[in-house]
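A.B. asks: Build me a model from this:
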Amino acid sequence: MSYLEYNKKSVPAGPSKILYLNWPVVILLVAIASVGFLMLFSVAGGSMLPWAEPQMKRFVLGLALMFSVALIPIWFLRNIAGVAYGLSVCLLIGVELFGSIGMGAQRWIDLGFMRLQPSELMKITLVMFLAAYYDWLDIKKTSRPVWVIIPLLIIALPVFLILRQPDLGTALLLVFGGAGVMFLAGVSWLYFAGVIGGAIGLVATVFQSRGTTWQLLKDYQYRRIDTFLDPASDPLGAGYHITQSKIALGSGGWTGRGFMQGTQSRLNFLPEKHTDFIFTTLAEEFGFVGGISLLALYVLVLVFCVFSALNNQNRFASLLTLGIALTFFLFFAVNMSMVMGLAPVVGVPLPLVSYGGSAMLVLLLAFGLVQSAHIHRPR
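C.D. replies: Residues are numbered from 1 along each chain as shown. Okay, the predicted model is just below:
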């Protein structure tokens with residue numbers, strides 16, 4: 001009996017599939033988003049506008065999208081993985097040709113009712129395409145050089161297009177996410193050891209190129225590195241963001257200053273308090289207890305995704321679930337590390353908490369894929 005035939009006998013057709021959702025994940029996503037609504041209400045001075053209300057509407061739309069995608073058979077999602085990846089590449093090319101410019105970068109396509117950031121969509125479609133590729137590939141060929149080059153090219157194309165925007169943070173997330181799927185698929189660790197060695201050499205080359213005619217990074221990206229290494233070197237300039245972030249984190253203590261009592265955010269010392277640095281607002285108002293509680297919610301989402309993947313006998317569905325879980329982990333790990341001064345500031349939002357339309361909708365779309373894999377797993 002084939003997987004599809006077995007699965008058809010295992011899962012009811014139609015809307016009754018909703019009963020088979022991974023409901024703990026749904027509940028955890030709602031809880032995380034609710035934290036975001038609360039913080040957006042706080043940073044607006046106790047008002048639903050301009051951030052909390054639009055974010056809630058997007059979340060409801062995203063939940064509807066997640067439930068809709070969850071009902072789609074996993075075999076169909078596998079078959080359209082290449083199309084989804086190709087469409088994302090076309091959108092990235094569209095950004096290059098006629099994208100909107102904001103904050104010195106060209107990353108969005110203006111749709112009228114919202115600005116779409118195709119690089120967010122690429123984070124998910126890349127995982128889909130790589131999972132489909134390794135599901136198609138004979139597992140014995142996984143580590144053969146010719147079959148390793150193909151996924152490297154699949155990763156390199158969008159990374160190149162995103163670096164041109166420029167968006168180094170998203171490009172690095174694509175590299176790590178794609179490499180993670182390759183590792184999970186069984187690619188030999190020797191390749192990764194070689195890449196790590198090459199990365200060390202690349203970092204050295206990047207620093208050597210500074211100030212030359214062949215400089216590899218933009219000036220502001222070098223300033224971000226300088227700020228990461230020594231924020232106090234320019235506390236009122238490039239180091240301002242991270243300096244204020246650390247002040248907010250430290251002032252929160254164990255239990256925080258109280259809801260809507262954060263001085264750094266209320267007095268506008270904290271920049272980007274509703275987007276990239278919203279975690280520091282949470283930590284200032286609710287302290288270590290609030291910060292670790294949000295982290296626990298994120299970790300629980302990962303745990304349920306990993307259990308779902310390990311219990312799934314379909315290779316594509318399992319790799320897809322693990323790949324999206326890894327991407328989700330990179331989102332919150334990089335953001336939290338960034339605002340605590342453990343990583344350079346790269347503009348990565350905190351998933352489901354930071355204000356933003358594209359990031360939230362794409363993330364809930366991704367969890368729709370996870371739910372489809374869970375619903376349609378062989379039983």
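
A.B. asks: In the stretch 201-350 of the chain, where is pLDDT below threshold?
C.D. replies: Along the stretch 201-350 of the chain, the parts satisfying pLDDT under 70 run over 232-239, 265-269.

A.B. asks: again, only this time at 80
C.D. replies: Segments of the stretch 201-350 of the chain classed as low confidence (criterion: pLDDT under 80) are 217-221, 223-246, 248, 250-252, 258, 260-275, 341, 343-347.

A.B. asks: mind listing the helices in it by residue range?
C.D. replies: Taking DSSP state H, counting those that start in this stretch, the helices of the stretch 201-350 of the chain run over residues 219-229, 240-252, 263-266, 278-310, 315-339.

A.B. asks: Quick check: which of those is nearest to Leu172?
C.D. replies: The minimum distance between Leu172 and those falls on helix 315-339, with 8.3 Å, by CB to CB. For the C-beta atoms, the positions are set from N, CA and C on the backbone; glycine is no exception.

A.B. asks: I'd like the next helix or strand past that closest one.
C.D. replies: Using DSSP states H and E, the next helix or strand after helix 315-339 towards the C-terminus is helix 357-375.

A.B. asks: Give me the distance from that following helix to the chain's centre.
C.D. replies: 11 Å (CA atoms, centre = their mean, to the nearest Å).

A.B. asks: Can you classify Trp108 by secondary structure?
C.D. replies: strand (DSSP: H, G, I helix; E, B strand; the rest coil).

A.B. asks: right, and Val25 touches Phe367 too?
C.D. replies: Yes: look at Val25 against Phe367 with CB atoms under 8 Å: they come within range, at 6.7 Å.

A.B. asks: Could you say which of the helices of the stretch 201-350 of the chain is packed most deeply?
C.D. replies: Each of the helices of the stretch 201-350 of the chain was scored by mean neighbour count; the highest is helix 315-339, a mean of 23, by mean count of other CB atoms under 10 Å.

A.B. asks: what packs against that helix?
C.D. replies: helix 74-79, helix 118-136, helix 168-185, helix 240-252, helix 278-310, helix 357-375 (3 or more CB pairs under 8 Å, 6 or more residues apart in numbering; DSSP states H and E).

A.B. asks: what's stretch 169-185 in contact with?
C.D. replies: Stretch 169-185 is contacted from outside by 119-120, 122-123, 126-127, 130-131, 134, 142, 148, 151, 154-155, 158-159, 162-163, 189, 191-192, 195, 319, 322-323, 326-327, 330-331, 334, 346-348, using CB atoms under 8 Å, 6 or more residues apart in numbering.
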